[in-house]
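# All I have is the shape, not the residue letters:
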């Protein structure tokens with residue numbers, strides 16, 4: 001059942017109520033459904049909303065949406081499917097979230113690794129916006145005093161802010177921006193997470209090693225060769241000198257060009273593409289098989305299944321259980337040398353692995369450009385006030401105010417608008433000029 005509810009001047013009206021059994025009658029199904037009402041302005045979008053929760057079968061969802069739209073049309077209520085990103089856009093336009101938080105929602109949806117997800121959560125949680133807002137708030141207070149001094153340049157006894165005080169404030173703001181830029185990670189770095197690919201012939205123990213390194217059963221392991229059909233990708237956390245970081249661990253189908261079947265050709269094509277992209281290749285060869293004659297610079301020979309008894313008359317250096325820069329004997333079953341292998345990966349990719357530092361913000365190009373522009377404008381203001389630090393008053397307040405205003409505009413693009421009215425309010429709140 002649906003009832004029309006709305007207020008004068010609001011369009012389109014909202015649907016309120018529950019589902020009539022008739023919507024499900026033709027399906028001959030009885031499924032649990034929850035309809036939760038979120039009245040504005042406290043909903044996600046700031047508007048009256050109803051969230052429908054039901055089993056996540058795509059066909060079922062499509063039928064419910066179609067039924068709702070048909071029911072609305074029959075009652076003369078305008079209804080349609082939302083455009084991509086429309087709910088988040090409405091939340092932004094209605095002041096429920098900032099632009100950086102909206103960007104965080106998009107980044108959360110697109111995240112493919114823990115580092116990307118953490119970076120997106122920082123945006124969604126408003127960490128960048130809060131940082132920029134604190135900077136903008138301090139800068140706006142300083143700007144209010146500078147502009148107050150412009151209005152009273154003809155009164156020598158009125159000193160809104162001394163040059164030394166202003167210089168200290170501007171220097172502190174510039175240093176905070178520089179520190180944040182130095183600790184931040186660009187989104188392009190998160191998107192270019194280095195690939196560590198497990199390669200080898202079919203049934204070489206790649207999938208078992210893949211699961212062992214991840215610490216969970218991600219790939220199907222079977223003694224039957226050819227179980228892995230596609231390239232499986234999962235982020236792997238490693239320890240570096242700079243703290244935890246991530247690489248992308250990739251399990252491939254066994255390399256076998258002898259099978260001419262179409263599906264094998266597709267498997268081999270996917271494997272070759274992953275190998276071309278890999279920054280480090282773990283060449284998996286069981287201990288009881290002869291190792292390849294040579295290992296490339298971007299490869300590590302991993303002697304898998306080292307827990308099995310030896311059958312070859314002559315074992316190579318890796319069979320002793322130790323490892324070199326290019327070889328290591330491991331066992332996915334006993335865990336032998338897995339930590340050593342992770343450290344070997346970390347040593348090879350320490351400079352390219354994606355940092356998981358808790359205080360490292362991920363900056364999209366727009367964010368980084370705004371912060372760098374703010375730093376440049378603050379530097380211009382510092383250059384103007386530094387030579388007159390010992391003076392009693394500002395000799396060029398208009399130029400100072402222009403540079404500070406430009407920096408404030410840069411920060412406002414991340415924190416939200418700070419209007420001229422806000423500056424005027426700060427003048428009267430922080431500086432008293434009599435009645």
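Nice, thanks for sending it over. Model, not experiment: these values are computed from the prediction.
# switch to C-alpha atoms for all contacts and neighbour counts from now on
Noted.
# Specify the local secondary structure of residue 144.
helix (DSSP: H, G, I helix; E, B strand; the rest coil).
# Now do it against residue 137, distance only.
Counting by Cα to Cα, to the nearest Å, the gap from residue 144 to residue 137 is 11 Å.
# Counting neighbours, go ahead and name the busier of those two.
Shown here are residue 144 and residue 137; by other Cα atoms under 10 Å, residue 144 has more neighbours (25 against 19).
# Run a quick neighbour tally on the closest residue to residue 105 other than its chain neighbours.
The shortest distance from residue 105 to any non-neighbouring residue, by Cα to Cα, 6 or more residues apart in numbering, is to residue 124 (6.0 Å). Number of residues near residue 124 (other Cα under 10 Å) recorded here: 23.
# what does the one 3 residues further on give?
Neighbourhood size, residue 127 [other Cα under 10 Å]: 16.
# Please report phi then psi for it.
phi -70, psi -50 (degrees, to the nearest 10).
# got a list of what it touches?
By Cα atoms under 8 Å, 6 or more residues apart in numbering, residue 127 lies in contact with nothing.
# and it, how far is that from residue 120?
Relative to residue 120, residue 127 is positioned 10 Å away (Cα to Cα).
# In terms of pLDDT, where does the residue nearest to residue 105 sit?
Residue 124 carries a pLDDT score of 72 in this model.
# Does residue 195 touch residue 251 like I think?
No. Using Cα atoms under 8 Å as the test, residue 195 is too far from residue 251 to be in contact (10.5 Å).
# Neighbour count for those two, which is higher?
More neighbours surround residue 251 than the other of residue 195 and residue 251, with 29 against 24 (other Cα under 10 Å).
# show me the contacts for the more buried one.
Taking Cα under 8 Å, 6+ apart, we find residue 251 in contact with 197-199, 206-207, 210, 231-233.
# got a markdown table for these, with neighbour count, pLDDT and distance to residue 285 too?
Listed next are these as a markdown table, based on neighbours: other Cα atoms under 10 Å; pLDDT from 0 to 100; distance: Cα to Cα, whole Å:
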| residue | neighbour count | pLDDT | distance to residue 285 |
| --- | --- | --- | --- |
| 197 | 29 | 90 | 14 |
| 198 | 30 | 90 | 10 |
| 199 | 28 | 88 | 9 |
| 206 | 32 | 88 | 9 |
| 207 | 27 | 87 | 13 |
| 210 | 26 | 91 | 14 |
| 231 | 18 | 69 | 18 |
| 232 | 17 | 82 | 19 |
| 233 | 20 | 80 | 20 |
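# where do the strands sit along the stretch 51-200 of the chain?
185-186, 195-199 (DSSP state E, counting those that start in this stretch).
# Within the sheet, what are the partner strands of the last one, with directions?
Read that as strand 195-199. Strand 195-199 pairs in its sheet with strand 243-251 (parallel), strand 280-286 (parallel), by DSSP bridges.
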